[in-house]
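*Asks:* Sequence first, then the predicted structure:
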Amino acid sequence: MLEAERKAREAADKRVTPEQMRYRIGDIVVSDSGYGFLVFHEILDIEKLVKENLAKYGDEYEEEGMYLLDSYCFTPEMRFYRFARNYSEACPEGELGDFHISIGLGTIPREVFEELKRKSFRVD
């Protein structure tokens with residue numbers, strides 16, 4: 001299983017374009033869910049999120065926070081993953097998780113994202 005995951009990640013890594021490599025914190029990246037609707041990935045600042053949660057939850061959060069930082073900031077295998085809140089018409093409230101940037105179709109302006117949010121991410 002781990003070998004299959006490694007091969008799939010390496011194949012995805014090879015599909016990353018220069019445009020996708022430019023995705024940054026705050027960008028809204030669009031991808032296709034594969035189920036007939038789009039997914040909107042709001043890239044988050046993992047370091048800021050960990051700091052805020054450490055301040056809020058203290059020692060309870062330390063182990064999880066350190067794991068997130070190690071995974072996303074210091075693990076070479078994760079270089080093409082972005083931590084995000086992911087929205088769609090199936091999950092309009094958003095869900096934390098990561099995505100591989102090779103699935104990105106491009107970015108949209110924040111104003112368009114906010115309008116889609118008001119419409120529960122239903123694209124006409």
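*Replies:* Thanks, I have the structure now. Values in this document were obtained by computation on a predicted structure and should not be read as measured data.
*Asks:* Going by C-alpha atoms from here, please, whenever you check contacts or count neighbours.
*Replies:* OK.
*Asks:* contacting residues for Val50?
*Replies:* Val50 makes contact with 65, 68-69, according to C-alpha atoms under 8 Å, 6 or more residues apart in numbering.
*Asks:* how about the strands of this protein, start to end?
*Replies:* Secondary structure of the chain (DSSP state E): strands at 28-32, 38-43, 81-88, 91-100, 106-108.
*Asks:* Not counting sequence-adjacent ones, nearest residue to the spatially most central residue of the chain?
*Replies:* Among the residues of the chain, the one closest to the centroid is Ala84, at 3.1 Å (C-alpha atoms, centre = their mean). Closest residue to Ala84 apart from its sequence neighbours, by C-alpha to C-alpha, 6 or more residues apart in numbering: Ile43 at 4.3 Å.
*Asks:* give me the number of residues near that neighbour?
*Replies:* 22 (other C-alpha atoms under 10 Å).
*Asks:* hmm, who's touching the helix or strand of the chain with the lowest mean pLDDT?
*Replies:* Least confident helix or strand, the chain: helix 59-73 with a mean of 83, by mean pLDDT, DSSP states H and E. Helix 59-73 has contacts (C-alpha under 8 Å, 6+ apart) with 46-47, 50, 53-54, 78-79, 81-83.
*Asks:* again, 7 Å this time
*Replies:* When contacts are defined by C-alpha atoms under 7 Å, 6 or more residues apart in numbering, helix 59-73 is touched by residues 47, 50, 53-54, 78.
*Asks:* sorry, back to before: for the strands of the chain, which one ends up most surrounded?
*Replies:* Comparing the strands of the chain by mean neighbour count (mean count of other C-alpha atoms under 10 Å), strand 38-43 ranks first with a mean of 24.
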